[in-house]
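Participant: This is the structure alone, sequence omitted:
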């Protein structure tokens, strides 16, 4: 029986990972993976029309899935919510089996042609985290939560890539500091909203934000008004 597209894509990815450290997420890697799995190149192209770019995105999605599985098995109910977020980011990075594959992915998605896909992948990771932790926001908070976490996650990944401390302890300390910064910013926003002198100035922006809704289809980003 022929493999499904998903099965074949995962076979391609497994084969590609042995080449990524040397050749990056490149056409050379994609062709080598197709040859090693015995897949016809036309079939491989049907599975991954953009070649190694699609394999890199599949690798990223595989890490997200591993993180969700670990979150589901973890007991986080006694933790503060900011600590649950930190745990999720940590689980996501600990799901990585090959740091060089991530490093090469960062290089790939820094290219202008692929920057949009890279940003979307980070956003989706942060959406997965918030959803797994039970976020039910439907208004502008849906966006601000994912935007701030995307900034934290991106910075933490870059720090982690260069971290050589035992157990990546420096990375987890860096992550805690970034989350503390976000919490301080959230407190500042709340204080601004409560300031009676600023209420007239905020009336317009607040009305606009009130019209924003979370996307019904997660593939439909950034969402809608009204």
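Facilitator: Happy to help now that I have it. Everything numeric here is computed off the predicted structure, so don't read it as measured data.
Participant: so how far is stretch 170-182 off the chain centroid?
Facilitator: Its chain's average C-alpha position is 17 Å from that of stretch 170-182, according to Cα atoms, centre = their mean, to the nearest Å.
Participant: Could you do stretch 33-40 as well?
Facilitator: Using Cα atoms, centre = their mean, the mean C-alpha position of stretch 33-40 is found 29 Å from that of the whole chain.
Participant: mean confidence score for it?
Facilitator: Here stretch 33-40 scores 94 as its mean pLDDT.
Participant: Stretch 112-119 too?
Facilitator: 95.
Participant: Retrieve the pLDDT associated with the nearest residue to residue 24 once chain neighbours are set aside.
Facilitator: Among residues not flanking residue 24 along the chain, residue 104 sits closest, at 4.5 Å (Cβ to Cβ, 6 or more residues apart in numbering). (Each C-beta comes from the backbone N, C-alpha and C, glycine too.) Listed pLDDT for residue 104 reads 97.
Participant: after the helix or strand hosting residue 104 comes which helix or strand?
Facilitator: Per DSSP states H and E: residue 104 is located in helix 99-109. Following helix 99-109 in sequence order, the next helix or strand is helix 115-132 (DSSP H and E).
Participant: pretty sure residue 16 contacts residue 29?
Facilitator: Yes: between residue 16 and residue 29 a contact is recorded at 5.2 Å, counting by Cβ atoms under 8 Å.
Participant: For the host helix or strand of residue 13, give me every contacting residue.
Facilitator: Per DSSP H and E: residue 13 is located in helix 5-23. Residues outside helix 5-23 that contact it (Cβ atoms under 8 Å, 6 or more residues apart in numbering): 3, 25, 28-30, 32-34, 36-37, 39, 43-44, 46-48, 52, 54-55, 58-59, 62, 98, 100-101, 104.
Participant: Tell me the helices and strands packed up against whatever helix or strand comes next after that helix.
Facilitator: Downstream of helix 5-23, the first helix or strand assigned by DSSP H and E is helix 27-37. The contact analysis (3 or more Cβ pairs under 8 Å, 6 or more residues apart in numbering; DSSP states H and E) places helix 27-37 against helix 5-23, helix 41-47, helix 52-73.
Participant: Check which residues of the shortest one are buried.
Facilitator: By neighbour count, and taking 16 or more other Cβ atoms under 10 Å as the criterion, the buried residues in helix 41-47 are 44, 47.
Participant: Please state the offset of it from the chain centre?
Facilitator: Per Cα atoms, centre = their mean, the displacement of helix 41-47 from the mean C-alpha position of its chain is 26 Å.
Participant: now do the longest one
Facilitator: Average the C-alpha atoms of helix 52-73, do the same for its chain, and the two points are 9 Å apart (Cα atoms, centre = their mean).
Participant: Could you list the low-confidence segments of the chain?
Facilitator: Counting by pLDDT under 70, the chain has low-confidence residues at 1-2, 185-214, 216-226.
Participant: care to break it down by domain?
Facilitator: 1-49, 50-225 (automatic domain parsing).
Participant: one step back: put together JSON lines for the helices and strands packed on helix 27-37, with distance to residue 172 on each row.
Facilitator: JSON lines is the format used below for the helices and strands packed on helix 27-37 (distance: least, Cβ to Cβ, whole Å):
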{"stretch": "helix 5-23", "distance to residue 172": "25"}
{"stretch": "helix 41-47", "distance to residue 172": "37"}
{"stretch": "helix 52-73", "distance to residue 172": "15"}
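Participant: To residue 115, which of those lies closest?
Facilitator: Nearest of the helices and strands packed on helix 27-37 to residue 115, taken as Cβ to Cβ: helix 52-73 at 11.7 Å.
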